[in-house]
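Peer 1: The sequence and its predicted three-dimensional model are supplied below.
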Amino acid sequence: GKRSLRQRVVDELKHYYNGFHLLWIDTKVAARMVWRLLHGQVLTRRERRRLLRTCADLFRLVPFLVFVIVPFMEFLLPVFLKLFPEMLPSTFETESKKEEKQKKKLSAKLELAKFLQETVAEMAKRNKADAG
C-alpha cells in the first residue's frame, strides 16, 4: 500500500543513517589496511578492492554532503542522480539499484560471451576450409 509522508521521511532518514554508519565502518577498516600497508604488509586482492572502493566512496561523499547540508537541496538529489548515477557512495545504494547494476553487468557479459562464441565458430569454419 501507499505509505504516509511521515513514514517515507522516516525511511529515508534510516536509509541515510545506515549509509553513513556503513561508510564509517568501511573507513575504519580502510584505515587499518592503510596502517598495514605503511608497515610493509601486503594486501590481498579483496582487501585492495575494498580499500579502493572506500577511497572512491569518500571522494563521492563531498558532493553528496552538499545535498544533505544545504536546506531543501535534497529535493534536487534525484535529478542529479539521474544525470550522474555513480555520484552516491556505494553504502547508500538500495537493493533495487544493486540488482539493476548486476543485471546490466550480466547482460554485458552474456553479449561478450555470445560474440566470442560466434568468433570462435567462424574461425573454426575458416580453419576447416583451409585444411580441407
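Peer 2: Structure received.

Peer 1: C-alpha from now on. contacts and neighbour counts both.
Peer 2: Fine.

Peer 1: buried residues in the lowest-mean-pLDDT helix or strand in the chain?
Peer 2: In the chain, the helix or strand scored least confidently by mean pLDDT, DSSP states H and E is helix 77-83, which has a mean of 82. Buried residues in helix 77-83, counted by 16 or more other Cα atoms under 10 Å: 77, 80.

Peer 1: which residues are contacting that helix?
Peer 2: Under the criterion Cα atoms under 8 Å, 6 or more residues apart in numbering, residues 67, 87-88 lie in contact with helix 77-83.

Peer 1: at 7 Å instead, please
Peer 2: Residues from elsewhere that reach helix 77-83 (Cα atoms under 7 Å, 6 or more residues apart in numbering): 67, 87.

Peer 1: That helix: what's the following helix or strand?
Peer 2: helix 95-131 (DSSP states H and E).

Peer 1: returning to that earlier point: keeping just the C-alphas, turn the least confident helix or strand of the chain into PDB.
Peer 2: C-alpha atoms of helix 77-83 as PDB (Å, rounded to 0.1, in the frame of the first residue of the first chain):
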ATOM      1  CA  LEU A  77      19.100  14.900  -5.500                       C
ATOM      2  CA  PRO A  78      17.000  12.600  -7.800                       C
ATOM      3  CA  VAL A  79      17.700  15.000 -10.700                       C
ATOM      4  CA  PHE A  80      21.500  14.800 -10.100                       C
ATOM      5  CA  LEU A  81      21.400  11.100  -9.600                       C
ATOM      6  CA  LYS A  82      19.700  10.800 -13.000                       C
ATOM      7  CA  LEU A  83      22.500  12.900 -14.500                       C
END
